[in-house]
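Visitor: here is the input, now give the coordinates:
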Amino acid sequence: MAAMLGALLVAGCAHRPSAETEDVAHETEQAADPAIDLLLYAHELQSGSPEARAKAVEQARSAVDDAPDARNLARLALAYGAPKQTRYTPDLAARYAGRALEADDARWNAAARQYLRDYRRFYTRLTEQSPSDDDSEDARARIAELEAELDEAQRKLREMATIEERLGSSPP
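Guide: Residues are numbered from 1 along each chain as shown. Okay, here's the model as predicted:
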């Protein structure tokens, strides 16, 4: 199956025009296999320029507004998850992948279902990922250092204010 998908992707993409001249956001013909349809769309997004990817997000959003079916929701998820573009939004990529899986008209085959589940899981983890413990310890240490510096600066200001008060209240 994987070899067949690879052969289809290579054969289907070998004679494509340059990604720089092709508009990724155009409406592509739907493949007979939903998994291949998703993979081809993801490949188009990956091959396109950042501007074309951003345009794909706008067109996918419009398509979902017009017809919020499973295919359009999945394409919007893929468009939001396309990196290196201004509308890259991993949390929305995860959300729309989930909505595509749960849509009333979702008739995904096993491969497409697995792809969308993995996509949702990856982008969910990406958005929920917290800094590593080392980063957190470094950040906490830096915060403690800055708080100590702030306390020291406030102490000096209080001392200066006390000195000014004494100087101002002493007889000339």
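Visitor: how is the chain carved up into domains?
Guide: As recorded under automatic domain parsing, the domains making up the chain are 11-128, 132-172.
Visitor: looking at those domains, which is buried most?
Guide: domain 11-128 (a mean of 17; mean count of other C-beta atoms under 10 Å). Quick note: C-beta positions are derived from backbone N, CA and C, even for glycine.
Visitor: which ones are touching residue 57?
Guide: By C-beta atoms under 8 Å, 6 or more residues apart in numbering, the contact list for residue 57 reads 76, 79, 80, 82, 85, 87.
Visitor: tell me the contacts of the second one?
Guide: For residue 79, the contact set (C-beta under 8 Å, 6+ apart) comprises 45, 53, 56, 57, 59, 60, 87.
Visitor: again with the last one
Guide: Residues near residue 87 by C-beta under 8 Å, 6+ apart: 53, 54, 57, 58, 79, 80.
Visitor: does the second one really touch residue 83, like I thought?
Guide: No: in this structure, residue 54 is not within contact of residue 83 by C-beta atoms under 8 Å, at 11.6 Å.
Visitor: low-confidence stretches in the protein?
Guide: 1-31, 130-135, 170-172 (pLDDT under 70).
Visitor: all helices for it, in order.
Guide: 2-13, 34-47, 50-66, 70-80, 90-102, 110-128, 133-169 (DSSP state H).
Visitor: export the shortest one as PDB, just CAs?
Guide: Once side chains and other backbone atoms are set aside, the C-alpha atoms of helix 70-80 remain, and they are given as PDB (Å, rounded to 0.1, in the frame of the first residue of the first chain):
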ATOM      1  CA  ALA A  70     -15.700  16.500   6.000                       C
ATOM      2  CA  ARG A  71     -13.400  17.100   3.000                       C
ATOM      3  CA  ASN A  72     -13.400  20.900   3.300                       C
ATOM      4  CA  LEU A  73     -12.800  20.600   7.100                       C
ATOM      5  CA  ALA A  74      -9.900  18.300   6.400                       C
ATOM      6  CA  ARG A  75      -8.400  20.600   3.800                       C
ATOM      7  CA  LEU A  76      -8.700  23.600   6.200                       C
ATOM      8  CA  ALA A  77      -6.900  21.500   8.900                       C
ATOM      9  CA  LEU A  78      -4.100  20.800   6.400                       C
ATOM     10  CA  ALA A  79      -3.900  24.400   5.300                       C
ATOM     11  CA  TYR A  80      -3.700  25.700   8.900                       C
END
